[in-house]
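A.B. asks: From the sequence below, what's the structure:
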Amino acid sequence: MSPTLPIVVGITGASGAPYAVRLLQQLVAAHRPISLIVSKYGMRLLDTESGISSIDGLRDAIGKHDWDSCVQTFSNEDRGAPPASGSALTAGMIVCPCSMGTLSAIAVGASRSLIERAADVTLKERRKLVLVPRETPLSAIHLANMLRLARAGAVVMPASPGFYHRPKQVSDLVDFIVARMLDHLGVEQKLLERWQECYFSRLCFPACAARGLLEWQPITEGVMKPALLVFAAGALLTVSSPGCHNPAANNDVVLLNTQGLDAPTSIAPSATLTVGLNVQVGGCLKFDHIESRRTASQVDLTVWGRDIRTGFTDGAILCPRYFLELHEYQLDPPFQSPFIVRVERGRLSPLTATVQVQ
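C.D. replies: Below is the predicted model of the structure:
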């Protein structure tokens, strides 16, 4: 695996300490370098909600060995620390939890502390900035600040867990939000099973169709109606099939979700660079091609697929389960060192790898 840039993590005084602790645990488990900044009220929050009263206590909660290999801490009062400069490269920043005072300061570019300055730098350098507020209810001022930040390029991610995964304990709710944070930071996670396209079709079809109990509504006007499961007992259950549409009249090329990027840490100047892309296919999607845009020091890759439902105008197309498929992409020299490989993923943050040429 190639070396990765640090993720800046800020912890402020909004309720939600368990989210911060779990996020750090997952980042170090993924061996991601972390530049950690905890505000005075962030430390007070950790003590109040998680019984962690110091940085050493947080280190113990995360795990000393992983902490020592991944985490570098900075004082929130030190606005001359590396995260305060755009020349210090990072993989983005997350403030979790993010108090409304911090969010407001970032929205107006106040930069009164290292967390606020680092967030300001992240925005101006066009890097990923994720803010995790937990305030409720929200005033018009809060909403205006969030809108301003969203327009500036930040991801505003309120700590509002879903329930469709049927959580059994508080940690399940925490994992739901942390999983979404990791997705947006470009860190692979297995905390939460992903919602599958045609999810209910996958669950219900094998058991019901064999008995002749499954009946589908036809597609009309390019959109599949909800499926009707007709049981022998006469009970009717209407089930939505998320993502099951019929793009017959449109371009069927779609952006595929790349969940992993493998690249060597270094190569010889005359060598061919081979990178591996773990691409999510299946469902109603299949791999089509990889598009590349290259400069001397960077290549941007986009993985495209096709929707196998295209061309069907009558009846439902049942989509099998998703799976990961490895695709390799080769690049010929010359390369400028360091050479950056970047994989675009739509609304998710891109995957990146840095390759030294030596």
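A.B. asks: Give me the below-cutoff pLDDT ranges for the stretch 1-150 of the chain.
C.D. replies: Within the stretch 1-150 of the chain, the segments meeting pLDDT under 70 span 1-3.
A.B. asks: quick one, strands of it?
C.D. replies: Here the stretch 1-150 of the chain has its strands, by DSSP state E, counting those that start in this stretch, at 7-11, 34-38, 71-75, 93-95, 129-131.
A.B. asks: show me the contacts for the residue nearest to Leu261 when sequence neighbours are not counted.
C.D. replies: Leaving aside its sequence neighbours, Leu261 sits nearest to Leu351 (C-beta to C-beta, 6 or more residues apart in numbering; 4.1 Å). For every residue, glycine as well, the C-beta is placed using N, CA and C. Residues near Leu351 by C-beta atoms under 8 Å, 6 or more residues apart in numbering: 186, 258, 260-261, 342-343, 345.
A.B. asks: residues in contact with stretch 50-70?
C.D. replies: Outside of stretch 50-70, the residues within contact range by C-beta under 8 Å, 6+ apart are 17-18, 21, 24-25, 27-29, 31-34, 38, 43, 46-47, 71, 73.
A.B. asks: Let me have the contacts of Leu351 in a markdown table, extended by neighbour count, distance to Ser113 and secondary structure.
C.D. replies: Output for the contacts of Leu351, formatted as a markdown table (neighbours: other C-beta atoms under 10 Å; distance: C-beta to C-beta, whole Å; DSSP: H, G, I helix; E, B strand; the rest coil):
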| residue | neighbour count | distance to Ser113 | secondary structure |
| --- | --- | --- | --- |
| Gly186 | 22 | 26 | coil |
| Thr258 | 24 | 36 | strand |
| Gly260 | 15 | 35 | strand |
| Leu261 | 21 | 33 | strand |
| Arg342 | 16 | 31 | strand |
| Val343 | 24 | 33 | strand |
| Arg345 | 18 | 31 | strand |
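A.B. asks: In the protein, where's the longest helix?
C.D. replies: Criterion DSSP state H: the longest helix present in the chain is helix 170-185.
A.B. asks: List the buried residues for it?
C.D. replies: 173-185 (16 or more other C-beta atoms under 10 Å).
A.B. asks: helices and strands around it, which ones?
C.D. replies: In terms of contacts (3 or more C-beta pairs under 8 Å, 6 or more residues apart in numbering; DSSP states H and E), helix 170-185 is packed against helix 17-29, strand 129-131, strand 348-357.
A.B. asks: Out of the ones you listed, flag the one nearest Leu123.
C.D. replies: Closest approach to Leu123 among the helices and strands packed on helix 170-185 (C-beta to C-beta): strand 129-131, 5.7 Å.
A.B. asks: partner strands of that closest one, parallel or antiparallel?
C.D. replies: strand 93-95 (parallel), strand 155-156 (parallel) (DSSP bridges).
A.B. asks: Determine which stretch of those strands is the most buried.
C.D. replies: strand 93-95 (a mean of 28; mean count of other C-beta atoms under 10 Å).
A.B. asks: How is the protein divided into domains?
C.D. replies: Using automatic domain parsing, the domain ranges for the chain come out as 7-185, 199-239, 253-357.
A.B. asks: which of these is buried the deepest?
C.D. replies: Of the domains of the chain, the one with the most neighbours on average (mean count of other C-beta under 10 Å) is domain 7-185, at a mean of 19.
A.B. asks: Just give the closest residue to Val253, not the sequence neighbours.
C.D. replies: Spatially, and ignoring its direct neighbours in sequence, Val253 is nearest to Trp304 (5.4 Å; C-beta to C-beta, 6+ apart).
A.B. asks: Could you confirm that neighbour falls within a strand?
C.D. replies: Yes. When DSSP: H, G, I helix; E, B strand; the rest coil is applied, Trp304 is found to be in a strand.
A.B. asks: center of the protein, which residue is that?
C.D. replies: Taking C-alpha atoms, centre = their mean, the centroid of the chain lies closest to Asp183, which sits 1.4 Å from it.
A.B. asks: Distance check, that one against Ser53.
C.D. replies: Separation of Asp183 from Ser53 (C-beta to C-beta, to the nearest Å): 31 Å.
A.B. asks: re earlier: pipe the helices and strands packed on helix 170-185 into JSON lines and attach distance to Pro82 per row.
C.D. replies: Below are the helices and strands packed on helix 170-185 laid out as JSON lines (distance: least, C-beta to C-beta, whole Å):
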{"stretch": "helix 17-29", "distance to Pro82": "18"}
{"stretch": "strand 129-131", "distance to Pro82": "17"}
{"stretch": "strand 348-357", "distance to Pro82": "17"}
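A.B. asks: pretty sure Gly109 contacts Asp120?
C.D. replies: Yes. Assessed by C-beta atoms under 8 Å, Gly109 is found in contact with Asp120 at 5.4 Å.
A.B. asks: which residues touch the residue nearest to the centre of the chain?
C.D. replies: Residues in contact with Asp183 (C-beta under 8 Å, 6+ apart) are 189, 348-349.
A.B. asks: Looking at these, which is nearest Glu77?
C.D. replies: Relative to Glu77, the closest of the contacts of Asp183 is Ser349; by C-beta to C-beta it sits at 28.9 Å.
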